[in-house]
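[1] just coords:
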């Protein structure tokens with residue numbers, strides 16, 4: 001899998017985790033009563049966004065950021081399953097909710113681990129004349145995923 005495709009997938013995942021975005025907006029605009037969980041979720045969301053953009057733009061640090069964010073998300077999902085299993089919610093519902101919540105970070109973790117080394121991300125420059133650079137549609141899609149957030153803010 002190409003780093004840019006994975007980066008776009010990570011940004012789409014971050015765009016669909018709007019609950020964290022709303023918590024982040026609530027923290028910045030109003031009184032902070034969300035606790036450490038909201039702050040941690042906002043930090044993980046920022047790690048996914050920065051890691052996604054880092055993969056798209058070929059930054060070598062983005063792989064480490066995504067590995068950390070995905071691993072922490074998987075651990076938090078498992079802890080959530082443990083804490084929800086002792087509540088009044090039926091066990092089947094707990095397993096379904098937790099599985100659906102853990103699958104995207106697991107896919108990001110596996111995709112990040114399967115990336116080639118950062119040195120192989122960049123193509124070798126040619127010795128011929130340089131052609132005019134065309135804007136990639138993937139980068140436009142990545143910016144488009146977060147256009148709604150700019151409009152809301």
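    Now that the structure is in, tell me what you want to look at. Because the structure is a prediction, the values reported are computed rather than measured.
[2] Let me know the average pLDDT across the helix or strand that contains residue 4.
    Element membership of residue 4 [criterion: DSSP states H and E] is helix 3-16. In this model, helix 3-16 carries a mean pLDDT of 87.
[3] Pull out the buried residues from it.
    Using 16 or more other Cβ atoms under 10 Å as the burial criterion, the residues of helix 3-16 that qualify are 3-4, 6-11, 13-15. C-beta: built from backbone N, CA, C; applies to glycine.
[4] what do you get for stretch 103-110?
    Judged by neighbour count (16+ other Cβ under 10 Å), stretch 103-110 contains these buried residues: 104-105, 108-109.
[5] hmm, who's touching that stretch?
    6, 9-10, 13, 48, 66-67, 69-71, 73-74, 77 (Cβ atoms under 8 Å, 6 or more residues apart in numbering).
[6] Next, format those residues as TSV and append distance to residue 85.
    Output for the contacts of stretch 103-110, formatted as TSV (distance: Cβ to Cβ, whole Å):
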residue	distance to residue 85
6	32
9	30
10	29
13	25
48	26
66	29
67	28
69	25
70	23
71	22
73	19
74	17
77	13
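[7] Closest one to residue 90 out of those, please.
    The shortest approach to residue 90 among those belongs to residue 77, at 18.1 Å (Cβ to Cβ).
[8] what element comes up after the helix or strand bottoming out on mean pLDDT in the chain heading to the C-terminus?
    The weakest-scoring helix or strand in the chain, judged by mean pLDDT, DSSP states H and E, is helix 18-29 (a mean of 59). Note on helix 18-29: by DSSP H and E, the next helix or strand toward the C-terminus is helix 35-56.
[9] so where's this structure shaky on pLDDT?
    18-38, 117-140, 145, 147-153 (pLDDT under 70).
[10] now do 80
    1, 17-42, 80, 83-89, 94, 97-98, 116-153 (pLDDT under 80).
[11] related to what we said a few turns ago, and the contacts of stretch 103-110, which is closest to residue 86?
    So of the contacts of stretch 103-110, ranked by how close each gets to residue 86 (Cβ to Cβ), first place is residue 77, at 16.1 Å.
[12] sorry, back to before: by contact count, what packs against the helix holding residue 4?
    On a contact count with 3 or more Cβ pairs under 8 Å, 6 or more residues apart in numbering; DSSP states H and E, helix 3-16 meets helix 35-56, helix 62-85, helix 91-113, helix 137-145.
[13] quick one, that helix and helix 62-85 angle?
    40 degrees (axes from the mean of the first three to the mean of the last three Cα atoms, to 10 degrees).
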